[in-house]
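Chemist: Sequence and computational prediction follow.
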Amino acid sequence: MNFRTGTFLTGAILAASALPAMAQNAELCGGVGAQGLWVGGSPEASDISTSDTFIDQTGLMVPPGGETVSLFSVSSAGEYRIEANPNAGGDTVIDIRDEAGTIILTDDDSGGNFASRGDIALQPGTYCVSTRAFGGGAVVADLRVGRAEHEALTPGWGGGIADFAGIDPCLPNTPATPLGAGAVDAMLGEGVTATNSIAGTPYYRFSLSAPQALSIRAENPSADPYIYIYDGQGTLLAENDDYDGLNSRVDFTDPLPAGNYCIAMRSLSDDTQPVTVSVRGYDPAAAMQEMFATGEASPPIGGSYPITDLGVLQTSLVMDQVVGSDAVWFSFSVPAGGLVLIDAIEISDSDPVIRLFDGVGRMIDFNDDAGDSLNSQLTVQVNPGTYMLGVTQYSESYSGVIRVALQRYVPAQ
């Protein structure tokens, strides 16, 4: 991995820090930043607010099913740009987290040509950028962190504009279709919805008469919608792509203030397909159940969500499972440390995705499309304990049989 500011770091800096500094705070970004590397090689050199130019990390090597974590800080509030540009044939995704670990931006292709890009207003603090490959494969990428006035690494979805966010921002004078007649507060229980093509209706507006926690969604995998949420002044609040398969969703768990808001969309596939947009009240219990169903979080052992207990994995286990729109969960335990190989193989009408969690719900690894197939595979070093395996389909269009195989290997005595 190489680090450079502008074109390169000076020889004096390189001599002083032959290796980039790793974060020492185990709680940074909710624990994600514990093994992260500072973009400038040290905390002092990674303050983008005071940097004369952008800072690059080149040749980031993202392993299959994994991610790299890069750290930077902001000492002054302002507009900043974070980009990941993959090597030929790659496709990056970036997640930007604040110090508490909350994801404040996720982007797949806003940089154009399968590059990731986020232009975002940041307050003073430390931030973590996770770079991963779309679909869970491996990728080599260059990362750039800079201020809005710095040279961009990527062209942007539309060639690049000053406050680029994948589409033209929704400003107070941007034409938009209203959702509901007046404030939507009274309709949030059932939700207020509209269905149109993104080509014909790329912007919607709604208003709140009181603070409300919301769930905003755009659904139709054939269109692969990407959504952006703006406040009434045109400030980007959040964005999402592929929250659930190819559908998008943004949850505001902290109530949004009363006021006007705008939903902007673009399509990463066919923008003439109908997309259903909905705004509904955020229900924490229902949201957690949906996370279990999509595989984004593992259900607690002993809870109400169904889990098949496979018992102690002694050597190997093979089983066939029909998997539809909801994740199928298995629990198993290993009596001693070693290696576990997990395969999910298409038998019929399937594109399997697998995720492995520990017994308390921390995700260890995930995979989609191992090698050149639709099958998935994980090879994980494990300690004694209980593990949760979630098996899902890539999208709701699949509902067939997946063969799940687990093989445990132990060190030779």
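Modeler: Done, it's in.

Chemist: From residue 28, how far off is residue 34?
Modeler: As for residue 34, its distance to residue 28 is 6 Å (criterion: C-beta to C-beta, to the nearest Å). For every residue, glycine as well, the C-beta is placed using N, CA and C.

Chemist: between the two, which one's more packed in?
Modeler: residue 28 (22 against 16; other C-beta atoms under 10 Å).

Chemist: Would you mind confirming that the more buried one is in contact with residue 100?
Modeler: No - using C-beta atoms under 8 Å, residue 28 is not in contact with residue 100; the gap is 9.6 Å.

Chemist: Neighbours of residue 286, how many?
Modeler: So residue 286, with other C-beta under 10 Å, has 12 neighbours.

Chemist: That one belongs to a helix, doesn't it?
Modeler: Yes - according to DSSP: H, G, I helix; E, B strand; the rest coil, residue 286 belongs to a helix.

Chemist: What score does it have for pLDDT?
Modeler: The model reports residue 286 with a pLDDT of 88.

Chemist: so what's residue 145 up against?
Modeler: Applying C-beta atoms under 8 Å, 6 or more residues apart in numbering to residue 145 gives the contacts 39, 48, 54, 55, 70, 72, 80, 81, 82, 83, 129.

Chemist: what do you get if the cut-off is 10 Å, keeping everything else the same?
Modeler: Counting by C-beta atoms under 10 Å, 6 or more residues apart in numbering, residue 145 makes contact with 39-40, 46, 48, 51, 54-57, 70-72, 74, 80-83, 96, 127, 129, 153.

Chemist: Outline the domain layout of the protein.
Modeler: Here the domain parsing of the chain from automatic domain parsing is 2-147, 177-282, 298-409.

Chemist: thought residue 85 was touching residue 114?
Modeler: Yes - contact criterion C-beta atoms under 10 Å: residue 85 and residue 114 qualify, at 8.9 Å.

Chemist: Now do the nearest residue to residue 71 once chain neighbours are set aside against residue 291, distance only.
Modeler: Nearest non-adjacent residue to residue 71, counting by C-beta to C-beta, 6 or more residues apart in numbering: residue 36, 4.5 Å away. Applying C-beta to C-beta, the value for residue 36 to residue 291 is 25 Å.

Chemist: Counting neighbours, go ahead and name the busier of those two.
Modeler: Between residue 36 and residue 291, counted using other C-beta under 10 Å, the more crowded position is residue 36 (24 against 16).

Chemist: So the more buried one sits against residue 69, correct?
Modeler: Yes - the criterion here is C-beta under 10 Å, and residue 36 meets it with residue 69 at 3.6 Å.

Chemist: coming back round to it: intersection of neighbour lists for residue 85 and residue 114?
Modeler: Counting by C-beta under 10 Å, 6+ apart, the residues touching both residue 85 and residue 114 are 92, 154.

Chemist: more neighbours, these two?
Modeler: Higher neighbour count among residue 85 and residue 114: residue 85, with 24 against 19, using other C-beta under 10 Å.

Chemist: Who does that one form a beta bridge with?
Modeler: Legend: beta-bridge partners of residue 85 under DSSP bridges are residue 142.

Chemist: Could you list which residues are in contact with it?
Modeler: 56, 58, 60, 92, 111-117, 141-144, 152-155.

Chemist: Mark which of the residues you listed are buried, thanks.
Modeler: 56, 60, 92, 111-112, 114-117, 141-144, 152-154 (16 or more other C-beta atoms under 10 Å).

Chemist: pretty sure residue 317 contacts residue 310?
Modeler: Yes - Residue 317 is in contact with residue 310 according to C-beta under 10 Å; the separation is 6.2 Å.

Chemist: which neighbours do the two share?
Modeler: Joint contacts of residue 317 and residue 310 (C-beta under 10 Å, 6+ apart) are 330, 332, 404, 406.

Chemist: So the third one versus residue 342, what's the distance?
Modeler: Remark: distance between residue 404 and residue 342 (C-beta to C-beta) = 7 Å.

Chemist: need the helices for the stretch 201-350 of the chain, in chain order.
Modeler: 284-294 (DSSP state H, counting those that start in this stretch).

Chemist: Select the longest strand from the protein.
Modeler: strand 338-348 (DSSP state E).

Chemist: does the closest residue to residue 118 other than its chain neighbours have beta-bridge partners, and which?
Modeler: Nearest residue to residue 118 in three dimensions, chain neighbours excluded: residue 105, at 4.4 Å (C-beta to C-beta, 6+ apart). Beta-bridge pairing for residue 105 (DSSP bridges): residue 96.

Chemist: Based on its surroundings, how many neighbours for residue 105?
Modeler: Neighbour tally, residue 105, other C-beta under 10 Å: 24.

Chemist: isn't it right up against residue 239?
Modeler: Yes - in this structure residue 105 lies within contact range of residue 239 using C-beta under 10 Å: 6.3 Å.

Chemist: re earlier: if you count contacts, what does the next helix or strand after the longest strand of the chain end up packed against?
Modeler: Toward the C-terminus, strand 338-348 is succeeded by strand 352-358 as the next helix or strand (DSSP states H and E). Contacts defined by 3 or more C-beta pairs under 10 Å, 6 or more residues apart in numbering; DSSP states H and E place strand 352-358 against strand 328-334, strand 338-348, strand 363-368, strand 376-382, strand 385-393, strand 401-409.

Chemist: Give me whichever of these is most buried.
Modeler: strand 385-393 (a mean of 22; mean count of other C-beta atoms under 10 Å).

Chemist: Distance from that strand to the middle of the chain?
Modeler: 19 Å (C-alpha atoms, centre = their mean, to the nearest Å).
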